[in-house]
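S.K.: Any chance you could fold what I've pasted below:
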Amino acid sequence: MKLNRSTDMALRIAMLAAANPRRMTVDELSDQLDLPRNHVAKVVQRLQRLGVLVTIRGRSGGVAFAEDGGRTTVGHVVRAFEGDDEVVSCDEPACSLRAACRLRGELRRARDAFLAVLDDVTLGELVAGPTGPALLALGLPRPRPAPSGGSPAPDAPPSGGPPGRDVSPSATVPRPPEPHAPPSPVGPSGARPAVPGPV
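M.R.: Residues are numbered from 1 along each chain as shown. Coordinates of the predicted model:
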């Protein structure tokens, strides 16, 4: 049995609220769970009507887990959001085997067994142990790894030139080599070299 999107969101929102000792805003719930804000707002309202959450208006308001919310079973939340629909629809379109079919009854038994298991689990139990701290760490920025020995410092400007070349504004730009002057007619001793005369 696959839960619909709203049920999935409701359980995750309830778990995060149960693990957090402070009030949270709808924006915080949306950011930490990576869910659309408008959907979160609607699910929060339904969870409030179920008695799982408490919402407080005003500048210091927010969303908090209800005092008795931890006793609410997962099965109760799933039934509230899933409704009483059948696992399969025998009427849309109408099934020709409906008059003498045993499958529908077996699927109902399977659905009831599925919900019976969830009736034995409370929301408070879902956040016990290491799950609570893991939920509170959702959405927090992860520490950046330390730069290795050969990598530039985090604040260093990006290099725009080839590797191994300093292109920062303060770098000394190498001057082009001076053009070679023609050899001087005067030798090292100051005397002009002998020029062979005509033969």
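S.K.: going forward, measure contacts and count neighbours with C-alpha atoms only.
M.R.: Noted.
S.K.: got any ranges where this protein has weak pLDDT?
M.R.: 139-199 (pLDDT under 70).
S.K.: what about the strands in it?
M.R.: 53-56, 62-65 (DSSP state E).
S.K.: Please tabulate these in TSV, including the columns distance to residue 44 and mean neighbour count.
M.R.: Shown next, in TSV, are the strands of the chain (distance: least, CA to CA, whole Å; neighbours: other CA atoms under 10 Å):
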stretch	distance to residue 44	mean neighbour count
strand 53-56	7	18
strand 62-65	8	22
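S.K.: With distance to residue 17 as extra columns, can I get those in TSV?
M.R.: Shown next, in TSV, are the strands of the chain (distance: least, CA to CA, whole Å):
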stretch	distance to residue 17
strand 53-56	8
strand 62-65	5
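S.K.: Which one of these lies nearest to residue 95?
M.R.: strand 53-56 (41.5 Å; CA to CA).
S.K.: any residues touching the longest helix belonging to the chain, and which ones?
M.R.: Taking DSSP state H as the criterion, the chain has its longest helix at helix 103-119. Applying CA atoms under 8 Å, 6 or more residues apart in numbering, the contact partners of helix 103-119 are 1, 73, 74, 75, 76, 78, 79, 86, 87, 88, 90.
S.K.: quick one: which of those is nearest to residue 67?
M.R.: residue 73 (14.2 Å).
S.K.: Distance of the closest one relative to residue 21?
M.R.: Plainly put, residue 73 is 20 Å away from residue 21 if you go by CA to CA, to the nearest Å.
S.K.: One more: residue 51?
M.R.: Distance from residue 51 to residue 21, by CA to CA: 17 Å.
S.K.: So which of those two has more stuff around it?
M.R.: Neighbour tally, residue 51 and residue 21, criterion other CA atoms under 10 Å: the higher count belongs to residue 51, 15 against 11.
S.K.: from what I can see that one touches residue 66, true?
M.R.: Yes. With contact defined as CA atoms under 8 Å, residue 51 reaches residue 66; the gap is 6.6 Å.
S.K.: quick revisit: taking the contacts of helix 103-119, tell me the two that lie furthest apart.
M.R.: Every pair of the contacts of helix 103-119 checked by CA to CA; the farthest is 73 and 90, at 29.7 Å.
S.K.: could you show me where the helices are in this protein, in order?
M.R.: Under DSSP H, the chain gives helices at 5-19, 26-33, 37-49, 74-82, 103-119, 123-126, 131-136.
S.K.: can you put those helices in CSV and add distance to residue 95 and mean neighbour count?
M.R.: Output for the helices of the chain, formatted as CSV (distance: least, CA to CA, whole Å; neighbours: other CA under 10 Å):
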stretch, distance to residue 95, mean neighbour count
helix 5-19, 27, 20
helix 26-33, 40, 17
helix 37-49, 34, 16
helix 74-82, 23, 18
helix 103-119, 11, 14
helix 123-126, 39, 19
helix 131-136, 45, 15
